[in-house]
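Novice: Predicted model, plus sequence, below.
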Amino acid sequence: MQQFPSVVLDATRDSQGPSSANPSGAATPSLDLTALTAQLNTLGFRPAHINSALTALSSASARLNSSSSASSDPLVLSLTILSPLEAAIEWLLLHLPEDDLPQRYRTSASSAEFVVGASKQGGLVKGWLVDKLVKQAGFPRKAVETVLKIDGLSEGAALEILSRKLCGWRGQDEGWGCEEVVPWAEDDLAAERDLAREEEEMAIEAVMGERYSTTNEGGKEISIKIEDDNSGDTVNLRIVLDQSSPYPSSQYPTRPPPFYLESTSVPAYMRLHMQASLLRQFRDTDRGDLRSILESGQGGAVLSMVEYLEQALPVVLANPPDIGAVTDHLIPRLEEISTKGETVRRVVKRPTDRVRKRAIREEDHERARQTQKRMKEDPKWAAMLADRERLPAWKERNNIVDALETNRVLVVVGEVSVRFATVPIQY
């Protein structure tokens, strides 16, 4: 976050040009929404977010021009010291998740990185899988770590559990066909399942062409590229076909193939929203076509998934979902949080429960006087005092003390190197 103010100024110069007539701190001009929209588009913000920012900015501008009492509103205050473009950028930086910001506003690119090579031993495997499901699939780390506490859970099974939780599953049947995501156990049917997978893969490759690719890291994955023609944003549908998944199998008609959505431009909360929406399609009684594909046990679900995502992607980009609603079911409820098997109860401290401080006595004052006396007798005292007297703040020390005593002050603590750090106490 420390780099945002300078980035705001850099972006303002880039979008307005060197001859901008509205620098920071100047009198706030009337809002030119058309120009602001063009400038924010140039900086790479999404149209839906731009509309939200300009709606908030217009409302703040109206309050600024109609009432002096509205000065406590942060956005109104921003308009008094910043240009409209700078205020809009500040609003967007505060209200958007970092991975939904244009690349220039992100603090780092580490969120796009993930471990692609790891020893298949013990904790390294689990750490590799956590990183993949968090950084590549977009699930919250705490939710992933909670699911992976189950011993021996494969990537496909973990994805199935996380996807169900994303849709609100709490471990009951709820139309999922089973209470638990059990691994594939019918070894005698594995050959039939694998043959159906191979046939489906050949059909996908024939239809998708260059959009289709496969990998074999920890199990076979199918990747299909899906692109929005208007924005150029792309997501990759990644189908995980490990041995724990029964897909395709007529004995498991409620279990589509484990999948996730990967992208470097579409933020995680949008991808998770589309993932949940797609998974709900398989449980929708009005989507008999999808249910019949799973019930047949012959495959074919992947192409239907691609078709749905091609229609859903531009809609989600134009109308971003609420982040809280997307991750609501991945956040543990208070009653589920326990320590040593006991439910944690939230303790609310009453206003009357105040910490009783020990009264300062005369001997405390005397001890402070003696401490100050010893400091002044130290040979380093004079050198330290001489250094301080050369500081610009020395001449203003009385004004600073008066300001601290008569005003509410926010103190930002920094760390500096000094030769003698003890502050003298005046009596």
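Specialist: It's in.
Novice: so what's the backbone phi/psi at L237?
Specialist: The phi and psi values for L237, taken as degrees, to the nearest 10, are phi -80, psi 120.
Novice: tell me the SS of the closest residue to it other than its chain neighbours?
Specialist: Setting aside the residues directly before and after it, L237 is nearest to I224 in space (Cβ to Cβ, 6 or more residues apart in numbering), at 4.6 Å. Heads up, the C-betas are built off the backbone N, CA and C, glycines and all. Local secondary structure at I224 is given as strand here, using DSSP: H, G, I helix; E, B strand; the rest coil.
Novice: Surely F282 and L294 touch.
Specialist: Yes - judged on Cβ atoms under 8 Å, F282 makes contact with L294 at a distance of 6.7 Å.
Novice: about what we covered before: model confidence at the residue nearest to L237, what's the number?
Specialist: The score at I224 is 95. That number is its pLDDT.
Novice: Check A276 too.
Specialist: According to the prediction, A276 has pLDDT 94.
Novice: How about N216?
Specialist: 77.
Novice: That one - how many residues pack around it?
Specialist: 7 (other Cβ atoms under 10 Å).
Novice: Relative to L159, how far out is it?
Specialist: Per Cβ to Cβ, to the nearest Å, N216 is found 17 Å from L159.
Novice: ok, now F259?
Specialist: Here F259 is placed at a distance of 7 Å from L159 (Cβ to Cβ).
Novice: tell me, what's touching these two both at once?
Specialist: Listed contacts common to F259 and L159 are V240; contacts here mean Cβ atoms under 8 Å, 6 or more residues apart in numbering.
Novice: Who has more neighbours out of these two?
Specialist: When neighbours are counted by other Cβ under 10 Å, L159 comes out ahead of the other of F259 and L159, with 29 against 26.
Novice: That one and P256 touch, don't they?
Specialist: No - using Cβ under 8 Å, L159 makes no contact with P256, being 10.8 Å away.
Novice: show me the contacts for P320.
Specialist: Contact criterion Cβ under 8 Å, 6+ apart gives 46, 48-49, 100, 269-270 as the residues in contact with P320.
Novice: Let's verify E295: helix, strand, or coil?
Specialist: Judged by three-state DSSP, the three-state class of E295 is helix.
Novice: any common contacting residues for F282 and L294?
Specialist: Taking Cβ under 8 Å, 6+ apart as the contact definition, F282 and L294 share the neighbouring residues 254, 256, 301.
Novice: circling back to that earlier point, turn the contacts of P320 into CSV, including pLDDT.
Specialist: Output for the contacts of P320, formatted as CSV (pLDDT from 0 to 100):
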residue, pLDDT
R46, 89
A48, 89
H49, 90
D100, 85
Y269, 93
M270, 94
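Novice: which of those tops the neighbour count?
Specialist: Those, ranked by neighbours (other Cβ under 10 Å): first place M270, 26 neighbours.
Novice: what about the residue lying closest to it once chain neighbours are set aside, how many residues close to it?
Specialist: The shortest distance from M270 to any non-neighbouring residue, by Cβ to Cβ, 6+ apart, is to V316 (5.2 Å). Taking other Cβ under 10 Å as the neighbour definition, V316 ends up with a count of 21.
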